[in-house]
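*Asks:* I would like to see how this sequence folds:
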Amino acid sequence: MALTIPDICALFEAKGGRMYAGEPVTQLEHALQSAALAEAAGADAQSITAALLHDLGHLLNDQGETPTARGVDDVHQYFALPFLRTLFGEAVLEPIRLHVDAKRYLCATRPGYYDALSADSKRSLALQGGIYSRAEAEAFAANPWAARAVELRLWDDAAKSAGLATPPLAHFVLAMKSAARST
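*Replies:* Now for the predicted structure:
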């Protein structure tokens, strides 16, 4: 089933109040903080939308509370893509698809990055294939969407602050509309 922008808003309304596994924020708070960080960085509508929707797969593929603690990788980076493909193009979808790979890349290439990850993020990293080898990191860096995926990943990592004020979801609807494919 393809999602529309009203469907996405309804999904956040219905399930966004769930806690983001292992973090002091809800799924919606995490999404809004990610999008707000992208906006504050001067990102385009596609990057803001990718930041907002990068973890939508957690809401669509509900595996219960903290699936990583049970050894479950919910493959959220892929799960949402079929639902979003008719609405958005590669500039939104590819950073979403690659944001987990960006974590694997940053662990391999940025000193101290792994140590700064939360316990749940470290558990999910192991389930997602672990830290990239040098060859894997080089292959990732050669991907034309790698830089956007790394940018998204860094916003993702920073979007876990309890009580942080952000614009509401309605504020980001304009970015989603701007990023949407023309029909």
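*Asks:* after the helix or strand hosting S121, which helix or strand is next?
*Replies:* Assessed by DSSP states H and E, S121 sits inside helix 119-127. Next helix or strand after helix 119-127 toward the C-terminus (DSSP H and E): helix 134-141.
*Asks:* what packs against that following helix?
*Replies:* helix 90-109 (3 or more C-beta pairs under 8 Å, 6 or more residues apart in numbering; DSSP states H and E). Placement of C-beta: from N, CA and C, glycine included.
*Asks:* what does the next helix or strand after the helix it packs on rub up against?
*Replies:* Once the chain leaves helix 90-109, the next helix or strand it forms, by DSSP H and E, is helix 113-116. The contact list for helix 113-116 (C-beta atoms under 8 Å, 6 or more residues apart in numbering) reads L106, C107, K122, L125, I131, D157.
*Asks:* quick check: the two most widely separated of those?
*Replies:* The largest separation in the contacts of helix 113-116, counting by C-beta to C-beta, is between I131 and D157 at 15.3 Å.
*Asks:* the helix-or-strand element of the chain with minimal mean pLDDT packs against which elements?
*Replies:* The helix or strand of the chain with the poorest confidence is helix 76-79; it has a mean of 76 (mean pLDDT, DSSP states H and E). The helices and strands touching helix 76-79, judged by 3+ C-beta pairs under 8 Å, 6+ apart, are helix 56-60, helix 90-109.
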